[in-house]
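Enquirer: Sequence first, predicted model second:
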Amino acid sequence: MRPSHIALAVLVAAIWGVNFVVIEVGLGHFPPLLFSALRFLVAALPAVFLVGRPKVAWKWIVGVGLVLGVAKFGLLFIGMDRGMPAGLSSLVLQVQAVFTALFAALALGERPGRVRMLGMAVALAGIGVAAVDEGTSGPVLAFVLVIAAAACWGVSNVLTRKAAPPDSLNFMVWVSTVPVLPLLGLSLVFEGWDRDAAALAGLDWSGAGIIVYVAWITTVFGFGAWGYLLRHHPASSVAPFTLLVPVFGMSSAALLLGESVSPLRWCAAALLVGGVALTSLAGTRRGRAGVPGTDLAVADHAGPGTGAVADVGESAGAGPETSLEAGAVHAHGVGQDLALAQDADGL
């Protein structure tokens, strides 16, 4: 990769990592479900009029929109609203790579090889260490909600992989149209009209800037830049940069929010990032049905949001990321999924 492209990949990872800090600040302005709805509304408009018609069947757009947009981001925002630290969220969410590998094995018949199995075990050990650390210092329910968000991200990655969108930005923008009304409805039911109305009435420049960042910078620019990189380089060269997302997430949370990083959390970070690297960069074996194993590792990375990282390769693959294997489709697809997954914002 050229130095300018490496710099762009690092910039996107930094944007997706800092996004967790922006989300935490934004939760001081908006209830979590309303915040998520506004994020997708602004990401979709006016971009939906500029990216052209959808390039995949509507069933995939609706499916990914509900699982990634409503379930994954809804759970992530609620978990962070209930006390899950921004830096730890950026780290724990990367376990989506393990969930993606598991769901791909169940749904697509892809059997992980020994290296990938080892990576999954190491990553799960990291989650265990993080759980012990959080259990002694923070709300366990919030931690569980973010794990559930990672599981939903894994499901969306497999759906994205099946959809195999040829244009990750086009796909993400159309996916962003789906969660808006469901999230607004859930917000009215669980957060209440009065709370939502007060948040909108009190909207200031700070709140507006937060929405712009999570919608346009993280989603539109992030996915657009990631797609550009995937069009010029193999997904296996681009996807590993998503491993920088939790690094930027934890460091920016420490610098900007004053979050402390305990020795146990550093240990969890080392185990989880190392495990995700093994899981994402190892190949899969041919499934029982004779389906070729895809580069799930790269796919898994593919990652702010919706997102995302995000396990981008697997889906289409953390993140911010879509089809996976088979020549050009493999490289392009893995990248798209990575972008979706990572946007995870959950990126």
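Expert: Yep, that arrived.
Enquirer: Tell me, how many residues neighbour Val25?
Expert: Number of residues near Val25 (other Cβ atoms under 10 Å) recorded here: 17. Glycine gets a C-beta too; all of them are placed from N, C-alpha and C.
Enquirer: where in the stretch 201-347 of the chain is pLDDT low?
Expert: Residue ranges of the stretch 201-347 of the chain with pLDDT under 70: 236, 280-347.
Enquirer: Would you map the strands across it?
Expert: With DSSP state E, counting those that start in this stretch as the definition, the stretch 201-347 of the chain shows strands at residue ranges 284-285.
Enquirer: all helices for it, in order.
Expert: Remark: helices assigned in the stretch 201-347 of the chain by DSSP state H, counting those that start in this stretch are 205-212, 222-232, 235-238, 244-257, 263-281, 296-301, 312-315, 327-346.
Enquirer: How far does the first one sit from its chain's centre?
Expert: If I follow you right, that is helix 205-212. How far helix 205-212 lies from its chain's middle: 21 Å, per Cα atoms, centre = their mean, to the nearest Å.
Enquirer: Which strands and helices lie in contact with it?
Expert: Other helices and strands packing on helix 205-212, by 3 or more Cβ pairs under 8 Å, 6 or more residues apart in numbering; DSSP states H and E, are helix 3-26, helix 32-44.
Enquirer: between it and helix 32-44, how big is the angle?
Expert: For helix 205-212 and helix 32-44, the angle between their directions (axes from the mean of the first three to the mean of the last three Cα atoms, to 10 degrees) works out to 60 degrees.
Enquirer: So for helix 205-212, what gets flagged as buried?
Expert: By 16 or more other Cβ atoms under 10 Å, the buried positions in helix 205-212 come out as Gly207, Ile210, Ile211, Val212.
Enquirer: related to what we said a few turns ago, can you check which of the helices and strands packed on helix 205-212 gets nearest to Glu259?
Expert: Of all those, it is helix 3-26 that lies closest to Glu259, at 9.0 Å by Cβ to Cβ.
Enquirer: for the closest one, packing partners?
Expert: If contacts are counted by 3+ Cβ pairs under 8 Å, 6+ apart, helix 3-26 sits against helix 73-81, helix 86-92, helix 205-212, helix 222-232, helix 244-257, helix 327-346.
Enquirer: ok, now which ones touch the closest residue to Leu264 other than its chain neighbours?
Expert: Leaving aside its chain neighbours, Leu264 sits nearest to Asp133 (3.9 Å; criterion: Cβ to Cβ, 6 or more residues apart in numbering). Asp133 sits next to Ser262, Leu264, Arg265, Ala268 when contact means Cβ atoms under 8 Å, 6 or more residues apart in numbering.
Enquirer: List the residues that contact the third one.
Expert: The contact partners of Arg265, by Cβ under 8 Å, 6+ apart, come to Leu88, Leu91, Ala130, Asp133, Met250.
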